[in-house]
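Chemist: have a look at this prediction, sequence included:
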Number of protein chains: 2
Amino acid sequence: MSIQDNKIGVEMNRGFLQIMALLTLETPMYGYMMLRFIEKIGYSVEENTLYPMLRRLEKNGWISSRWDVEHDRPKKYYEITEEGKIIRNKLLSIWQIQNGVIAKLLKEVKNG
Amino acid sequence: MSIQDNKIGVEMNRGFLQIMALLTLETPMYGYMMLRFIEKIGYSVEENTLYPMLRRLEKNGWISSRWDVEHDRPKKYYEITEEGKIIRNKLLSIWQIQNGVIAKLLKEVKNG
DNA sequence: TTGACATACTGTGCGGCATACAGTATTTGT
DNA sequence: ACAAATACTGTATGCCGCACAGTATGTCAA
């Protein structure tokens, strides 16, 4: 299925999801909990997208994890690391630059 | 430049560049001209990124092209199509939703 | 007048990511 | 008792940003 069908938004997640995860994990959370949380704040992520991303972010050293096996089902809690905070700020600053570019272009389009 | 540091910014371009191209091509432009224009408004794209993207957007039917061979060197002018405008608006609305999510999370982190 | 540099493209290939698909195991609700 | 929800893991696929390589014309200084 190609992108023009109905997957138009796929590309849009690329950078955004990382920023969202790194902001969210300021508070320790496990995967399933994040899925619910993200829906609550008005977005949605595939679990097939979130879980691999969490493993990736951990591999990068941007988040760390620990298993909680003391309550009912085992849960893997993730939390942002100090390095992760640095990355998060870099990504945020790129986001803001891009947001400024879009705003500028939108203005030009409107004014003809 | 921070975007090139160690690839941290790469992912950030994914959705953004398409929005930027679709907004920019409200005015017909050729590739090299876009590169200069984008720098002028405070961003930068690799030519190795822009040219393939333009071919891709055209393949999707979101932009169209025509060769100008009447002046000096041949130039391939691109322009957004009607379908492209629809896509652009969809991408823009996703961008705005994401921007809202980030703003909300940032607030929580600060107050948390 | 030559050769370095800017202009203006095309084509191929690699590695990484979002997502699909498939699967495991425990807990809760009816 | 059995479905649905919870909470994960692993592998495969297609698309994209960018690297690398290449073609060809125009400009300008020595």
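Modeler: Alright, I've got the coordinates.
Chemist: in chain A, what residue comes closest to chain B?
Modeler: Distances from chain A to chain B, computed as Cβ to the nearest Cβ, single out residue A:14 as the nearest residue at 3.1 Å. Where C-beta positions appear, they are placed from N, C-alpha and C, glycine not excepted.
Chemist: excluding its backbone neighbours, what's nearest that residue?
Modeler: Of all residues not flanking residue A:14 in the chain, residue B:14 sits nearest, at 3.1 Å (Cβ to Cβ, 6 or more residues apart in numbering or on different chains).
Chemist: same deal with residue A:28?
Modeler: Here the residue nearest residue A:28, using Cβ to Cβ, 6+ apart, is residue A:79, at 4.3 Å.
Chemist: just checking, that neighbour is part of a strand?
Modeler: Yes - counting by DSSP: H, G, I helix; E, B strand; the rest coil, residue A:79 is located in a strand.
Chemist: list the residues that contact it.
Modeler: The contact partners of residue A:79, by Cβ atoms under 8 Å, 6 or more residues apart in numbering or on different chains, come to A:25, A:27-29, A:63-65.
Chemist: picking that back up, so what does the helix or strand containing the residue nearest to residue A:14 touch, helix or strand wise?
Modeler: In this structure, residue B:14 is located in helix B:13-24 according to DSSP states H and E. Helix B:13-24 sits against helix A:13-24, helix A:82-110, helix B:31-40, helix B:47-59, helix B:82-111, with contacts defined as 3 or more Cβ pairs under 8 Å, 6 or more residues apart in numbering or on different chains; DSSP states H and E.
Chemist: could you say which of the ones you listed is packed most deeply?
Modeler: Comparing the helices and strands packed on helix B:13-24 by mean neighbour count (mean count of other Cβ atoms under 10 Å in any protein chain shown), helix A:13-24 comes out on top with a mean of 21.
Chemist: what separates the one residue sitting closest to the centre of chain A from residue A:81, distance-wise?
Modeler: For chain A, the residue lying nearest the average C-alpha position, counting by Cα atoms, centre = their mean, turns out to be residue A:17 (2.5 Å). With distances defined as Cβ to Cβ, to the nearest Å, the gap from residue A:17 to residue A:81 amounts to 18 Å.
Chemist: how about residue A:62?
Modeler: According to Cβ to Cβ, residue A:62 stands 6 Å off from residue A:81.
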